[in-house]
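Engineer: Quick one, what's the 3D model for this:
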Amino acid sequence: MPGPGPHMMYAMTTGLGLTAVSNGRFGPHHCLVYAVNAFFGPDIGSFSQWLTSTLGFAQPSGSAVEDAVHHPFYYVFILGLPLSVLYSALSRWLLRKRILESFGTTLTRRQCFCLIAAGSLSHFFLDHLFEENGHSTMYTWILSTGWWEGRAPVNPDAVFVIGFLCSCLIGGFIYINRVKPNKSVKEQASQSLRLVLLIATLYCLWCTIQIYWLNPRRPAVGEEADLGVLVFLATYFFLPHSLCIMSMNAKEDSGSEPLPL
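Structural biologist: Residues are numbered from 1 along each chain as shown. Alright, predicted model coming up:
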């Protein structure tokens, strides 16, 4: 599976991109918390297991910790709250000591919690793709939503449904973003996002019906594993990036009160 380098570089590069496009609302403190949790976060159980075995404690204690927290959601549920308190205090200390720039503000506990969750999901974005010699449970499931029993038959109803949904996505996007006076960019983006979520939900519903409800199953979209790909990207790519965006400092107050420096 990926080591500390890929995990931290992936998260930090993403954070730097958000810093650039947000004009600093996603700052160095955001990047640091996100990157640390993308690597060390869910692997803290592995470290605990190594530490207990090195110190001569019972091996099952470390193994139990590893099994509990090496999970994209259990890690957040178990350690998210205490770690958010710790990282928020650390952010304040780093700024007071002038060690790490944060544009005059510190991270709140809510922001840290969002970044912890984003880091955990980003960690498993790489793990699911590049561990267990390509035979991880998640990756196997993604491939199972495709059609591998010879050449996939072309079903007219599938062509119609998929064509209709894609046409609605493009047509709806053009309609929402059509040229008109006094339009709000934020409102248009929000409406466009709701449109994408609606089409994605209907798309996944169609795939689920074809794969799991019909007997015998039918290829939902030819031989493509669209259901697995959409669910994986929504959970491990778009959700963590959305959490990073949610953790950004507000324009008005930059997320927290300035510290007396």
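
Engineer: quick one: low-confidence ranges for the stretch 101-250 of the chain?
Structural biologist: For the stretch 101-250 of the chain, residues meeting the criterion pLDDT under 70 lie at 104.

Engineer: For the host helix or strand of C114, which helices and strands make contact with it?
Structural biologist: Secondary structure assignment for C114, by DSSP states H and E: helix 109-130. The contact analysis (3 or more CB pairs under 8 Å, 6 or more residues apart in numbering; DSSP states H and E) places helix 109-130 against helix 4-22, helix 28-39, helix 74-96, helix 137-144, helix 239-246. All C-beta spots, glycine's among them, are computed from the backbone N, C-alpha and C.

Engineer: and C114, which of these is closest to it?
Structural biologist: helix 239-246 (4.5 Å; CB to CB).

Engineer: Can you list phi and psi of L195 for me?
Structural biologist: phi -60, psi -50 (degrees, to the nearest 10).

Engineer: do you know how far the nearest residue to it once chain neighbours are set aside is from M246?
Structural biologist: Excluding the flanking residues, the one nearest L195 by CB to CB, 6 or more residues apart in numbering is G172, at 4.7 Å. Applying CB to CB, to the nearest Å, the value for G172 to M246 is 25 Å.

Engineer: So if I had to pick from the two, which one is more boxed in?
Structural biologist: Shown here are G172 and M246; by other CB atoms under 10 Å, G172 has more neighbours (17 against 14).

Engineer: Helix or strand for the more buried one, just tell me which one.
Structural biologist: helix 156-176.

Engineer: Could I get the buried residue list for that helix?
Structural biologist: A158, V161, I162, L169, G172, F173, I176 (16 or more other CB atoms under 10 Å).

Engineer: Now render these as JSON lines, adding distance to W148.
Structural biologist: As requested, these are exported to JSON lines (distance: CB to CB, whole Å):
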{"residue": "A158", "distance to W148": "17"}
{"residue": "V161", "distance to W148": "22"}
{"residue": "I162", "distance to W148": "19"}
{"residue": "L169", "distance to W148": "27"}
{"residue": "G172", "distance to W148": "33"}
{"residue": "F173", "distance to W148": "33"}
{"residue": "I176", "distance to W148": "38"}
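
Engineer: P42: which of those residues is nearest?
Structural biologist: L169 (34.1 Å).

Engineer: and the residue nearest to that closest one when sequence neighbours are not counted, how many neighbours does it have?
Structural biologist: Closest residue in space to L169, ignoring its immediate chain neighbours: I199 at 4.6 Å, by CB to CB, 6+ apart. A count of nearby residues for I199, using other CB under 10 Å, gives 17.

Engineer: if I pick I199, what's in contact with it?
Structural biologist: By CB atoms under 8 Å, 6 or more residues apart in numbering, I199 lies in contact with L165, C166, C168, L169, G172.

Engineer: now the third one: how far from V33?
Structural biologist: Taking CB to CB as the measure, C168 and V33 are separated by 39 Å.

Engineer: likewise D157?
Structural biologist: 48 Å.

Engineer: My understanding was that F237 contacts F124; is that so?
Structural biologist: No. Between F237 and F124 there is no contact under CB atoms under 8 Å: 10.7 Å.

Engineer: Comparing these two, which shows the higher neighbour count?
Structural biologist: When F237 and F124 are compared on other CB under 10 Å, the one with more neighbours turns out to be F124, at 23 against 13.

Engineer: Can you report how many residues lie near G80?
Structural biologist: Using other CB under 10 Å, G80 has 20 neighbouring residues.

Engineer: Ok, the one 10 residues further on next?
Structural biologist: Using other CB under 10 Å as the criterion, L90 is surrounded by 19 other residues.
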